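>>> make a model of this:
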Amino acid sequence: MRNLKAVFLLLLAVLLGLAAAFYATRWVAQRGNFASSQVAVAAVDIELGSRITPQMLTLVEWPAGSVPPGAFSDVNKLQDRVVKVGIPRGDAVLERKLSPPGTKGGLSAVIAEGKRAMTVRVNDVVGVAGFALPGNYVDVMVNTRKGSGGGDETQISLTVLEQVLVLAIAQEASRDDTKPKVVSAVTLELSPEEAEKLDLARNVGTLSLVLRNQLDRESVATKGITRQQLLGLQQPAAKPVPAPAPRIVRVVAKPEAPPPAPAPRRDCVEVISHGVRSVSCF
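Next comes the predicted model:
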């Protein structure tokens, strides 16, 4: 009985092994029949604004049904193309990650169409202690004085720009680093109108950068805050405007015309001569 039980278990193990081998062979055959395509991927980390060379790329097999749109199967088509976002090693190189053909390398390739790049000086306070990194969004605030001069100026802090993209800090434009860096200059992406505002703001007052959440796109219009409002001081009373002096109008009455002189009294005599009547006055 013991030998019969051992033979039974041995046969069962053989049958299970044959079944597993059959299904494994079938699975490998099915995998071999999957259609695939070659896709160009980054062989090294490609930094933002870099010009692509064939040595930076490699071709890998990619399932034909899941090839991402805009992928390349020929590395020669990517010769001298400039990337506008950083591409880490192993990621597919897609058309949407590249600047238009003919674009020169450098920061200019990263600027969006219709935008401009402008650099402002910062310090460890203005630069948000180095946390304003490329790819972050900031608001720009100016502290200045408003008024017409002559001692009646009011100190005010006001947000002049919102949702401004940081393109670079100092001479670095990489968006992969998350470590704070204290630098002396920050380059911002602005529209032409925003560039004019920033240029005026940095000449009339002191600038500060306010770091904001990358997903926060809501614009908040503020009126700014003055020194009196911050400290709870009363606004200086407005100087009373003197009432205008009364205007004196002289009215000269026109003298009435004298009544007409009465006609002088005349004596008249009625004369009848030869049946003819006449009146003579004297």
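>>> where does the stretch 51-200 of the chain have low pLDDT?
Across the stretch 51-200 of the chain, the ranges flagged by pLDDT under 70 are 148-152, 176-177.
>>> what segments of it are strands?
Secondary structure of the stretch 51-200 of the chain (DSSP state E, counting those that start in this stretch): strands located at 57-63, 116-121, 137-146, 154-169, 185-190.
>>> any chance of those strands in JSON lines with mean neighbour count and distance to Pro100 as columns?
To be clear about C-beta, it is placed using only N, CA and C from the backbone, and glycine gets the same treatment. Output for the strands of the stretch 51-200 of the chain, formatted as JSON lines (neighbours: other CB atoms under 10 Å; distance: least, CB to CB, whole Å):
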{"stretch": "strand 57-63", "mean neighbour count": "15", "distance to Pro100": "19"}
{"stretch": "strand 116-121", "mean neighbour count": "15", "distance to Pro100": "17"}
{"stretch": "strand 137-146", "mean neighbour count": "18", "distance to Pro100": "25"}
{"stretch": "strand 154-169", "mean neighbour count": "19", "distance to Pro100": "18"}
{"stretch": "strand 185-190", "mean neighbour count": "21", "distance to Pro100": "17"}
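>>> can I get the ones you listed in CSV with distance to Leu107?
Formatted as CSV, the strands of the stretch 51-200 of the chain follow (distance: least, CB to CB, whole Å):
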stretch, distance to Leu107
strand 57-63, 23
strand 116-121, 6
strand 137-146, 17
strand 154-169, 6
strand 185-190, 7
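>>> how many residues are close by Gln38?
Number of residues near Gln38 (other CB atoms under 10 Å) recorded here: 16.
>>> confirm for me that it is in contact with Val60.
Yes: counting by CB atoms under 8 Å, Val60 is a contact partner of Gln38 at 7.0 Å.
>>> can you name the next helix or strand after the longest helix along the chain?
As assigned by DSSP state H, the longest helix anywhere in the chain is helix 2-32. From helix 2-32 onward toward the C-terminus, using DSSP states H and E, the following helix or strand is strand 36-42.
>>> summarise which helices and strands that following strand is packed against.
Helices and strands touching strand 36-42, by 3 or more CB pairs under 8 Å, 6 or more residues apart in numbering; DSSP states H and E, are strand 57-63.
>>> cool, thanks, signing off.
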